[in-house]
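Student: take a look and give me a structure for this.
(one chain, ligands or ions: 2)
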Amino acid sequence: MSNAAETCVFCRIVAGAIPATIVGENADAIAFRDLAPQAPVHLLVVPRAHTPSLATATDAAALAGVLSLVREVAAAHGVAEAGYRVVTNVGADGGQTVPHLHFHVLGGRALHWPPG
Ligand code: 5GP
Ligand code: ZN
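Tutor: Ligands and ions are numbered 1, 2, ... in the order given. Next up, the predicted model:
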């Protein structure tokens, strides 16, 4: 295992080393429920391969797989028609707290804009 896989919380979820409620997966990504949901539907979609953020993600094919799973889990959770938000925070000013690329999928209520 690489160092990131041992220490990174989302790598550990990908590896099954710590529990999460998995709601979808494909060859490139897994989706699970956020531990501290900010909306009735709050899922995280993360690439299986560790990369710190969108700023460092260079595998375009893997990114396509991640976004495909975003769309799939949104539909599976019944928010595709009403609408939903996809967010990826990058770095300190972006509000990123877990340094493994992830897309938040938020829905099930009307969301405010702009975010804080
Ligand atoms: P960020 O602030 O980096 O954009 O988002 C990190 C998200 O990961 C937060 O919404 C936080 O609630 C969630 N999170 C942090 N640790 C865990 C964990 O161990 N399990 C799950 N399911 N979510 C987590
Ligand atoms: Zn990781």
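Student: quick one: A57 from V86, how far?
Tutor: 15 Å (Cβ to Cβ, to the nearest Å). Bear in mind the C-beta positions are built from the backbone N, C-alpha and C, glycine included.
Student: and what of G65?
Tutor: Here the distance between G65 and V86 works out to 15 Å (Cβ to Cβ).
Student: these two: who's more crowded?
Tutor: When neighbours are counted by other Cβ atoms under 10 Å, G65 and V86 differ, and G65 comes out ahead with 18 against 15.
Student: which residue, other than its chain neighbours, is closest to the more buried one?
Tutor: D28 (2.8 Å; Cβ to Cβ, 6 or more residues apart in numbering).
Student: again with A64
Tutor: What sits nearest to A64 in space, not counting adjacent residues and going by Cβ to Cβ, 6+ apart, is D28, at 7.8 Å.
Student: so how far is A15 from the one you found?
Tutor: Counting by Cβ to Cβ, the gap from D28 to A15 is 15 Å.
Student: more neighbours, the two?
Tutor: In this view D28 and A15 are compared by other Cβ under 10 Å, and D28 has more residues nearby, 20 against 13.
Student: that's all I had, so thanks and see you.
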